[in-house]
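A.B. asks: Whatever this is, show me its structure:
(one chain, ligands or ions: 3)
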Amino acid sequence: NQFCEAGIGYTECGASPYSPSKILIKGGTVVNAHHQEIADVYVEDGIIVAVKPNIKVGDEVTVLDATGKFVMPGGIDPHTHLAMEFMGTETIDDFFSGQAAALAGGTTMHIDFVIPVNGSPSAGFDAYVEKAKKSCMDYGFHMAITKWDEAVSREMEIMVKEKGINSFKFFLAYKGSLMISDELLLEGLKKCKSLGALAMVHAENGDAVFEGQKRMIELGITGPEGHALSRPPVLEGEATSRAIRLAGFVNTPLYIVHVMSIDAMDEIADARKSGQRVIGEPVASGLVLDDSGLWDPEFKTASKFVMSPPIRAPGHGKALQGGLSTGILQLVGTDHCAFNSTQKAFGIDDFRKIPNGVNGIEERMHLVWDTMVESGQISISDYVRLTSTECARIFNIYPRKGAILVGSDADIIILNPNSSFEISATSHHSRSDTNVYDGRKGKGKVEVTISRGRVVWENGQLNIAPGTGKYIEMPPFGYLFDGIGKADSNYLSSLRAPVKRFKATT
Ligand SMILES: NC(=O)NCCC(=O)O
Ligand SMILES: [Zn+2]
Ligand SMILES: [Zn+2]
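C.D. replies: Ligands and ions are numbered 1, 2, ... in the order given. Alright, predicted model coming up:
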């Protein structure tokens with residue numbers, strides 16, 4: 001079987017087709033974003049059919065004892081890149097290995113970014129449909145927009161109305177490849193608004209980054225540390241501010257992906273204070289790491305930390321954690337975009353050639369629990385909101401996803417707060433030979449993952465098969481669009497009547 005991979009722990013490699021079963025989770029504390037209670041959860045055919053105390057079932061039902069543990073919605077990672085062609089290579093994790101890693105870490109759905117082929121959204125979509133055929137868990141798609149013309153504008157419409165995509169990402173960085181101009185961003189924002197689709201931006205000033213990179217090379221700084229030095233936080237702050245102002249001008253909601261700096265977060269805070277609909281997504285690496293790894297004398301170690309925007313100096317991560325606990329930032333992603341050390345070595349003589357990206361799809365749920373819940377910065381309901389529910393709400397698939405409610409998909413985790421985790425590049429489920437969190441230990445362990453009503457992770461073993469994951473269509477006009485039309489008509493009626501002028505007579 002082409003999917004069999006020796007030594008990475010799939011017990012059912014190439015196994016039997018998807019077969020939902022009956023499961024009763026007994027005696028755990030069921031946590032939703034709005035509420036928690038001690039209750040049993042009964043699952044049939046992939047759907048939650050009862051949540052209440054003392055559910056009685058027959059012998060044919062698999063019973064899981066969750067006493068003393070938390071029963072929560074599976075994580076939803078809003079930001080991943082599986083099988084992505086980028087910087088002259090392809091990410092090492094595809095839709096099978098990346099999702100296997102996700103399930104082992106308690107994430108049961110992710111939203112990946114379709115990259116257009118030669119600028120064409122529909123060709124990109126077709127390519128990603130192929131890539132995703134080996135999926136073993138549910139997934140959705142965002143779509144990047146990398147050029148602008150009538151055909152792209154029409155295809156965006158098809159993506160939203162026929163293909164289940166409700167968000168488009170615009171890159172303000174990666175000059176010469178994915179980067180777009182302000183003119184294109186404006187067109188894209190207008191189109192997103194008309195379709196009820198959420199505009200997302202990678203916010204760094206790509207022209208200034210290009211200049212910063214030249215500066216570093218001229219100074220003889222060619223190693224991984226040059227990556228961070230060439231694109232300082234001010235360039236992230238500038239692009240975040242610009243994107244926010246343009247989205248405000250168009251009056252459409254905006255989602256800032258991978259917020260890595262205080263500079264960017266401050267712009268988001270100001271916009272939200274003024275009532276603008278801006279969502280800020282920090283990622284696991286930005287929350288828990290700092291830039292010290294980039295100065296490691298070993299290239300293999302330093303290069304694994306290269307991602308964009310860069311992992312920042314100490315202080316930024318702690319501030320971003322504060323942003324999450326105080327509501328400035330709304331959800332946590334990973335930007336999982338894994339390259340192995342051979343791929344990273346493309347940039348051994350020039351940091352500009354190191355493929356940008358770090359792992360995280362397997363580690364996010366543990367890192368957020370340990371960093372945010374164990375430290376007392378957020379409640380357990382907040383944890384559910386930040387890792388699952390808010391993502392489902394923003395992308396308009398709540399309460400099918402992101403909740404333990406009757407009728408919701410049975411994507412469930414059981415987390416033991418008294419157990420602990422340890423991250424290692426030798427035991428993780430990604431195909432990469434490195435891990436940016438290598439050696440990290442913490443409290444709280446996802447002991448069971450249930451995906452669509454099947455136990456797929458238990459006793460440290462995966463039980464998965466390629467082709468069992470489903471594409472989740474995401475409808476437009478999510479909650480962020482509520483009332484946008486009213487704001488537009490208030491704006492129009494607030495305009496003063498045009499001045500009447502007399503035509504000059506000859
Ligand atoms: N972030 C990163 O370094 N790689 C993935 C592409 C992106 O999200 O910008
Ligand atoms: Zn990005
Ligand atoms: Zn990304």
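
A.B. asks: Identify the residue spatially nearest to L331, adjacent ones excluded.
C.D. replies: E390 (4.4 Å; Cβ to Cβ, 6 or more residues apart in numbering). (Glycine included, C-beta is placed from N, CA and C.)

A.B. asks: ok, now which ones touch the one you found?
C.D. replies: E390 makes contacts with 33, 330-331, 402, as judged by Cβ atoms under 8 Å, 6 or more residues apart in numbering.

A.B. asks: Using PDB, write out every CA atom in the lowest-mean-pLDDT helix or strand in the chain.
C.D. replies: In the chain, no helix or strand scores lower on mean pLDDT, DSSP states H and E than helix 484-494, which sits at a mean of 84. This file holds the C-alpha atoms of helix 484-494, laid out as PDB (Å, rounded to 0.1, in the frame of the first residue of the first chain):
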ATOM      1  CA  ILE A 484     -22.200  45.000   7.400                       C
ATOM      2  CA  GLY A 485     -24.900  46.200   5.000                       C
ATOM      3  CA  LYS A 486     -26.400  48.400   7.700                       C
ATOM      4  CA  ALA A 487     -23.100  50.100   8.300                       C
ATOM      5  CA  ASP A 488     -22.900  50.700   4.600                       C
ATOM      6  CA  SER A 489     -26.300  52.400   4.300                       C
ATOM      7  CA  ASN A 490     -25.500  54.500   7.500                       C
ATOM      8  CA  TYR A 491     -22.300  55.600   5.700                       C
ATOM      9  CA  LEU A 492     -24.100  56.500   2.500                       C
ATOM     10  CA  SER A 493     -26.800  58.500   4.300                       C
ATOM     11  CA  SER A 494     -24.200  60.300   6.400                       C
END
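
A.B. asks: Give me the contacts around stretch 391-403.
C.D. replies: Contacts for stretch 391-403 (Cβ under 8 Å, 6+ apart): 32-33, 73, 76-78, 109, 111, 138, 140, 166-167, 198, 255, 279, 330-331, 388-390, 405, 407-409, 411, 472, 474-480.

A.B. asks: distance between the ends of that stretch?
C.D. replies: 11 Å (Cα to Cα, to the nearest Å).

A.B. asks: For it, what is the distance to the chain centroid?
C.D. replies: Distance of stretch 391-403 from its chain centroid, counting by Cα atoms, centre = their mean, to the nearest Å, is 14 Å.

A.B. asks: on that earlier part again, out of the contacts of E390, which comes closest to ligand 1?
C.D. replies: L331 (15.6 Å; Cβ to the nearest ligand atom).

A.B. asks: how about the contacts of E390, which pair is most distant?
C.D. replies: Largest separation among these by Cβ to Cβ: Q330 and G402, giving 12.8 Å.

A.B. asks: out of the two, which sits in the busier spot?
C.D. replies: Neighbour count, other Cβ atoms under 10 Å: between Q330 and G402, G402 has more, with 29 against 22.

A.B. asks: helix, strand or coil for the more buried one?
C.D. replies: Of the three states, G402 takes coil under DSSP: H, G, I helix; E, B strand; the rest coil.

A.B. asks: Tell me how far the spatially closest residue to it that is not a sequence neighbour lies from I76.
C.D. replies: Closest residue in space to G402, ignoring its immediate chain neighbours: A392 at 2.9 Å, by Cβ to Cβ, 6+ apart. Noted for A392: a distance of 6 Å to I76, by Cβ to Cβ, to the nearest Å.

A.B. asks: what do you get for D335?
C.D. replies: 14 Å.

A.B. asks: Same question for S424.
C.D. replies: Here the criterion is Cβ to Cβ. By it, S424 lies 25 Å from I76.

A.B. asks: Ok, N463 next?
C.D. replies: 21 Å.

A.B. asks: So for these two, which sits in the more crowded spot?
C.D. replies: I76 (30 against 18).

A.B. asks: I'd assumed the more buried one was in a strand, is it?
C.D. replies: Yes. Membership of I76 in a strand is supported by three-state DSSP.

A.B. asks: Can you give me the distance of it to H34?
C.D. replies: As for I76, its distance to H34 is 16 Å (criterion: Cβ to Cβ).

A.B. asks: try Y42
C.D. replies: In terms of Cβ to Cβ, Y42 sits 21 Å off from H34.

A.B. asks: circling back: mind listing which of the contacts of stretch 391-403 are in strands?
C.D. replies: 73, 76-78, 109, 111, 138, 140, 167, 198, 255, 279 (DSSP state E).

A.B. asks: possible to save the residues you listed as JSON lines with distance to ligand 1?
C.D. replies: Below are the ones in strands among the contacts of stretch 391-403 laid out as JSON lines (distance: Cβ to the nearest ligand atom, whole Å):
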{"residue": "P73", "distance to ligand 1": "25"}
{"residue": "I76", "distance to ligand 1": "17"}
{"residue": "D77", "distance to ligand 1": "13"}
{"residue": "P78", "distance to ligand 1": "12"}
{"residue": "M109", "distance to ligand 1": "18"}
{"residue": "I111", "distance to ligand 1": "12"}
{"residue": "D138", "distance to ligand 1": "21"}
{"residue": "G140", "distance to ligand 1": "16"}
{"residue": "S167", "distance to ligand 1": "14"}
{"residue": "L198", "distance to ligand 1": "16"}
{"residue": "Y255", "distance to ligand 1": "13"}
{"residue": "I279", "distance to ligand 1": "16"}
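
A.B. asks: who wins for neighbours among these?
C.D. replies: That'd be P73 among these, by other Cβ under 10 Å, with 32 neighbours.

A.B. asks: which residues touch H227?
C.D. replies: The neighbours of H227, taking Cβ under 8 Å, 6+ apart as the test, are 294, 306, 308, 310, 351-352, 354.
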